[in-house]
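>>> okay, sequence plus prediction incoming.
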Amino acid sequence: MQGDFYSYTITASKAILVLLSVAILIRCLRSMLREKYDLETWAYIRYGKERLPVQHWEVIIGRAPDSDVCIPEREVARTHAVLRRDDLGTWRINDVFSRGGVWVNNIFVDDDGAEVKDGDTLNLNGICVRFTDLSMEKRERLESKRSGVGRRYSPALTLLMLTVFQLFLLLQHSFYADPEYLPDIALAFGSLIVMEWSCFNAMRIINRSGFEIETLAFYLCSLGMSVAASSTPEDLYKQILLTLAGLVLFLLCGWWQRSLHRTASARILVALSALLLLGINVVASDVVLGARNWLEFWGFSFQPSELVKVAYVYVGAATLDRLFRRNNLYVFIAFSAICVMALALIGDFGTALVFFVCFLVISFMRSGSIATIMLAVTGAGLAGFLAVSARPYIAQRFASWGHVWEDIYDKGFQQTRAMSAAAAGGLFGKGAGNGWLKNIFAANTDLVFGVVCEEQGLLIACLMVAAVILLACFAVRSARTGRSAYYGIAACAAMSILLTQVALNVFGSMDILPFTGVTFPFVSRGGSSLLSCWMMMAFLKSADNRREASFAVRPGEKIRSIGDREAIREEREERKAQKKQEKKRRKGAAK
Amino acid sequence: MKKLNRRAFSVLLIAFFITVGLFVYVQRFLEDGESWASYFSRLNSLSEGTVTDRNGVLLASFTANDNHYNEDRATRIANYHVTGDFWNRTGTGILTNFSRQLHGYNPVTGMTQTKRISLKLNVDSVLDNKAYAALAERKGAVGIVNYKTGELICMVSSPAIDPVESDPVVPEGAYINRLLSASFTPGSIFKLVTAAAAIECVPTIWQRSFFCEGEAEIAGVLFHCPFEHYTNDFRGALANSCNIAFAQIAISVGQTEMVNHVRSYGFLDSHSLDGIPTAAGSYPLDFVGDPETAWSGIGQSTDLICPYSMLRYVAAIANDGILVEPKLIDDGKPSEQSLLVNPETAKTMQELMRNNVIQTYGDNRFPGLEVCGKTGTAEVGDGTDHAWFTGFLKDPDHPYAFIVFVESGGGGLSVATPIANTVLQAAMRRGTDMEY
């Protein structure tokens, strides 16, 4: 009977894990993508009788329908000017492609731009509009009308599901793990639970209700913890510490990015330190498997390129006014080229490819030019060809790609074992800790998809990929609503890095792409990778502009502003107009 | 910011590629997962299994830690296409096709179900050894089926490899099971089909006589026979395998009826031997005119026949038209039965095939056996001939239908019949105390 009970428990736990995963993902999906997004309103532009809202800190004024403030007059250029606001509430206007020029209160605006105050008249090549800033009270009122997050899909319930998910993983480990390590494994999952709930409560205290990004990140972390528990239970404390460090870095980065000014001004510094890191990496590092991408510190192996990824996103994103200045893009291209070349020198071509995809995404988002992208792809194709012909071990990987079953003892060694183990797991897996793939070299990093397939099954492995895709969808959705283009570009760039890593990791180990040895975000064991993934999440957090959702975004109503008096007057006018309208309606109804 | 919104979708392009890739992966997983899993995961699972022949001789076994085959090298090689190997190098072996049963694998549970499984086959490994030895490294196949019960007691394809070797010297075509997985030009054994069609479609067939001077122009094309057969009736024409007579008979039957018969006898279909798919044959289906009809009626033209489907056909003739579907695995269940050949036609064909042996091949080739059969020497076009011999024993105690095929082996009578005799003699001694 005991045997029966045991096998029933195992079978039930497998099914429950899948159901919980589906539930967690669906709840996050609905909350992130299905709920309504209201834009913030920061100022108005009065043009004739129309009152056009300024809904971001950076807006394009122009004739084109995709301008944020669209003034459909011939004199106005398609993309005429950029109006932007800084943290202190000062508005500035920059001429972009106006042809005719921009004047503020009849003073010509030169390349440096000009400050715009409440009530100022903007002359766009002869078309005059008036700029109206909002008072605090007014904005508070508008903010309170915006729909918040977490009303329909309580984040606490989702997190509770995740906790149950983690407990069931722990249950499975308790069946299969070496009893010697069981306390460590329990401690690992316990600390994950403590971390996620403390983070959640901290957010509650500061009145933030968006927790989907953290939930998904912790979901992936739990799978990563499970892989670590079954592959290297003796080193589990490292994983716990690194998750904690990742979480702290996530909070720090998120907090840092609350101020756009602070964020933007540190870009040069970040770029320089990234180059320094890469420089150290090129000069002094250990060669592991043909790639010199490891540095050793006090027992922690450290991969500088992981941190450089974060820096790359940080440097690559830009505010809207900078998008239209070519030099900025050139500087970024030079920075990218140095990064990719350094990685090629190190021999880490997987990461170089990840950087390149991110470069494509950033440069497309900045320039919008497909021709540029094509040029970059062609150039990279040539460079890649050179790399393949110059480095024999890369050529070898390409040669064995698609033929791994023909050489199961050498070139196809890792992939064939990963595929075999993945197939053996079926849809529901063998149970956490019950696999054999974990004993193969690099199983918990490069072959981690195989390990998850084997132990948790194909369904959870696919859901794990879906979780990353879901985060990417959220980044795309946030790009439109963010205050600054900087946050939108950074979020999308960060997700492009994580997605590319997913693609290379999953398809590399399953012989659909050449095997490159890239980590799976959050799930692969690897300290620096985990840290960088958490930092990437900070970019997502600072793009999340829903009302009172993200700790990385300052609440709209609390941001001070100039010209409050003007706004109060405006409010009165609005109220009068409303009353008039109501009267009219009543009259109409009476008749 | 609106501009940014549209550009942001470029990120989803990567997500789209991932989704497509995942679909590709899931499809491969469903298709090949079983064979992936059978590589390394079986060794790491708890499943145990054995494959034995009908007499309990071990062909292959596996435990959690190891794979085993039969101890004897000759037995391993002769039974290679029955057993298959643990690396799935050949497509037809039991280990390949029944890995699901043997390993307890299925896509939903993977290899989490641990079972102890054993499969008993109908094949007699000793008979396979005899047949493989008789083929003597030539490319070819031998199949013997009990036409009363459907037990496939011999299935050999030559050449084969020793499955124990992980990196063997592979003779050309060693991974192809020539009995099941390929189709060849049938030559004269195809006259068994033309004859059956003639019996049913040409009422005057028994009254007709055919004159052969060694060559004749039929429908404007020159046909040859190896000898002058002079005047023959239908029975004699089959016994002498007269091409000139059968070219005319095929024209009399007509292409439409020929196609109907070829199709209804199952020569154009892929069959399933306990789930192992067999090769389909081919026959000119579009209108080709009399000369091609004549050529295809004597088993040349574009005719291609899988040896296994010919074995089914003669087994049905031997069993008065009723086909007992051959079975490779002894699962204790009776075989399915179906009417393949009209019973009257089948009985007539039995008599004609018996006459072939008496009149032409000679019973002294098969001492102690009452063989009914038909030889075939198929011109391949590269100057070589495929040697064929197919038929059955008219013996209620030993109801065996057989087919022997030697690729580019030479004459059917000189090459294939001795092999058939060796194997059938051994089969006769089966179940007795005599060594066979």
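All right, it came through fine. Residues are numbered from 1 along each chain as shown, chains lettered A, B, ... in the order given.
>>> can you report how many residues lie near the closest residue to residue A:267 other than its chain neighbours?
In space, and not counting its chain neighbours, residue A:267 is closest to residue A:315: 5.4 Å by Cβ to Cβ, 6 or more residues apart in numbering or on different chains. Bear in mind the C-beta positions are built from the backbone N, C-alpha and C, glycine included. By other Cβ atoms under 10 Å in any protein chain shown, 26 other residues sit near residue A:315.
>>> okay, and residue A:315 sits in which element?
Assessed by DSSP states H and E, residue A:315 sits inside helix A:304-316.
>>> OK, contacts around the residue in the stretch 301-450 of chain A that chain B sits nearest to?
Proximity to chain B, evaluated over the stretch 301-450 of chain A using Cβ to the nearest Cβ, is greatest for residue A:426 at 2.6 Å. Contacts here follow Cβ atoms under 8 Å, 6 or more residues apart in numbering or on different chains; on that basis residue A:426 touches A:457-458, B:106-112.
>>> any chance you could list what contacts the helix or strand where residue A:375 lies?
Using DSSP H and E, residue A:375 sits within helix A:370-390. For helix A:370-390, contacts defined as Cβ under 8 Å, 6+ apart pick out A:344, A:349, A:356, A:359-360, A:363-364, A:394-395, A:398.
>>> residue of chain B nearest chain A, please.
Scanning chain B for the residue nearest chain A gives residue B:110, at 2.6 Å (criterion: Cβ to the nearest Cβ).
>>> show the pLDDT at the residue lying closest to that residue once chain neighbours are set aside.
Closest residue to residue B:110 apart from its sequence neighbours, by Cβ to Cβ, 6+ apart: residue A:426 at 2.6 Å. The score at residue A:426 is 89. That number is its pLDDT.
>>> could you do residue A:112 as well?
Looking at residue A:112, its pLDDT stands at 81.
>>> so what's the residue count around it?
The number of residues packed near residue A:112 is 8, by other Cβ under 10 Å.
>>> ditto for residue B:165
Residue B:165: 12 surrounding residues under other Cβ under 10 Å.
>>> and if you look at residue A:194?
Burial of residue A:194 is recorded as 11 neighbouring residues (other Cβ under 10 Å).
>>> and it, what helix or strand is that in?
Going by DSSP H and E, residue A:194 is part of helix A:182-205.
>>> residues in contact with that helix?
By Cβ under 8 Å, 6+ apart, helix A:182-205 touches A:155-156, A:159, A:162-163, A:166-167, A:169-170, A:173-174, A:177, A:209, A:211, A:214-215, A:218, A:221-222, A:225, A:228-229, A:233-234, A:236-237, A:239-240, A:243-244, A:247, A:251, A:551.
>>> now, which of those lie within helices?
Among the contacts of helix A:182-205, the ones falling in helices (DSSP state H) are A:155-156, A:159, A:162-163, A:166-167, A:169-170, A:173-174, A:214-215, A:218, A:221-222, A:225, A:228-229, A:236-237, A:239-240, A:243-244, A:247, A:251.
>>> among those, which ones are buried?
A:155, A:159, A:162-163, A:166, A:169-170, A:173, A:214-215, A:218, A:221-222, A:225, A:228-229, A:236, A:239-240, A:243, A:247, A:251 (16 or more other Cβ atoms under 10 Å in any protein chain shown).
>>> burial measure for the closest residue to residue B:190 other than its chain neighbours, as a count.
Nearest residue to residue B:190, sequence neighbours excluded (Cβ to Cβ, 6+ apart): residue B:299, at 2.9 Å. By other Cβ under 10 Å, 30 other residues sit near residue B:299.
>>> hang on, residue B:299 in a helix?
No - counting by DSSP: H, G, I helix; E, B strand; the rest coil, residue B:299 is not found in a helix; it is coil.
>>> which ones are touching it?
Going by Cβ under 8 Å, 6+ apart, residue B:299 touches B:185-191, B:305, B:376, B:378.
>>> pick out the most distant pair among these.
With Cβ to Cβ as the measure, no two of these lie farther apart than B:185 and B:191, at 13.3 Å.
>>> who has more neighbours, the two?
Comparing residue B:185 with residue B:191 by other Cβ under 10 Å, the one with more neighbours is residue B:191, at 28 against 20.
>>> isn't the more buried one right up against residue B:239?
No - contact criterion Cβ atoms under 8 Å: residue B:191 and residue B:239 do not qualify, at 10.4 Å.
>>> hmm, residue A:435 is touching residue A:227, no?
No - applying Cβ under 8 Å as the test, residue A:435 and residue A:227 come out as separate, 9.4 Å apart.
>>> what touches both of these two?
A:451, A:455.
>>> apart from its chain neighbours, what residue comes closest to residue B:92?
That would be residue B:177: by Cβ to Cβ, 6+ apart, it lies 4.1 Å from residue B:92.
>>> the one you found: neighbour count?
Residue B:177: 27 neighbours (other Cβ under 10 Å).
>>> how distant is stretch B:40-57 from the center of its chain?
26 Å (Cα atoms, centre = their mean, to the nearest Å).
>>> just want the angle from the host helix or strand of residue B:8 to helix A:370-390.
Assignment of secondary structure by DSSP H and E places residue B:8 within helix B:2-40. Angle of helix B:2-40 versus helix A:370-390, following axes from the mean of the first three to the mean of the last three Cα atoms, to 10 degrees, is 30 degrees.
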